[in-house]
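1. Need a 3D model of the following:
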Amino acid sequence: MTIKPIASGSSGNCYFVSDGLTKILLDCGISFNRIQQALWDMGTGIPELSGCLVTHAHGDHVKAAQRLADRGVDIYASPGTIKAAGLNGHYVHETPRPSYYMKTPPEHPPWDTFDVGTFMVLPFDIEHDAPEPLAFILKSRDTGEKVIYATDTMYLGITVNGITHLMIEANYDSQVMAENVRNGDIAAARAKRTTMNHMSIDAALLALERLDKSKLQEVWLLHLSGDNAADDFKRRAQEVCGCAVYVA
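-> Okay, the predicted model is just below:
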């Protein structure tokens, strides 16, 4: 499995993922031209993409979605995301609905999956201040590798067996953010919104502790705050997972 961050953070999020046969994007919250240039730099291009999975309608995750759809890239998002972002056209697809609004998923959820090339994709709902936000589980039918992509949510409330790659938000350190509020570097209202809509490093580590790590190969820490993160996130994650950890 190849994972390459194109952009990560409040200014934009976009990740390239490939199992060797299928190339996709996870979110597209930067300009179309920047995505196109990044793909060229990787030796590939827009026409080779099999799709883009969009988590929610905020601009730092959906900015280039309509332009990609206009260029023939299949966009997959929840109905709420599609409506809020004003996406339209033949290449814009609603993801299956059964997972929505299930705040306590059953052990064997009756969720529908869909295929994007050789990836089988399972969307599940998360907590964020956007209409019907999603996270995704992707399994390669070619290699058997399995990825969780979860960002812009205060927690990851599910555990899945056999995960090989975890892409998870680690936006802030609670102590660093509290100190920034005390010092007047950030507003208390901004800190409150962050805690309600983004995942702290502690929440990410808790999700990692609960995860079946028997096949885990890589952990990617995503969407770090420029103001409220700390330098020890990678070390702390490595101590929990015992595998390769990368900071996007």
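
2. what's the first-to-last distance across stretch 150-163?
-> 13 Å (Cα to Cα, to the nearest Å).

3. For residue 100, give me the pLDDT.
-> Residue-level confidence at residue 100 comes out at 45, pLDDT.

4. ah, wrong one, I meant residue 159
-> 80.

5. Am I right that residue 180 is in a helix?
-> Yes. With DSSP: H, G, I helix; E, B strand; the rest coil as the criterion, residue 180 is assigned to a helix.

6. Skipping adjacent residues, who's closest to it in space?
-> Leaving aside its sequence neighbours, residue 180 sits nearest to residue 186 (Cβ to Cβ, 6 or more residues apart in numbering; 4.6 Å). For every residue, glycine as well, the C-beta is placed using N, CA and C.

7. How about residue 165?
-> residue 147 (4.4 Å).

8. wait, isn't residue 168 in contact with residue 219?
-> Yes. Here residue 168 lies in contact with residue 219, judged by Cβ atoms under 8 Å, at a distance of 7.1 Å.

9. CA atoms only for stretch 136-149 - export them in CSV, please.
-> Taking Å, rounded to 0.1, in the frame of the first residue of the first chain, the C-alpha atoms of stretch 136-149 are listed here in CSV:
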residue,chain,number,x,y,z
PHE,A,136,-13.8,5.3,5.6
ILE,A,137,-12.4,1.8,5.7
LEU,A,138,-10.8,0.6,2.5
LYS,A,139,-9.8,-3.0,1.8
SER,A,140,-7.7,-3.9,-1.3
ARG,A,141,-9.2,-6.9,-3.1
ASP,A,142,-5.7,-7.4,-4.7
THR,A,143,-3.4,-7.3,-1.6
GLY,A,144,-5.8,-7.8,1.2
GLU,A,145,-4.5,-4.7,3.0
LYS,A,146,-7.0,-2.7,5.0
VAL,A,147,-6.9,1.1,5.8
ILE,A,148,-8.9,3.2,8.2
TYR,A,149,-9.1,6.9,7.3
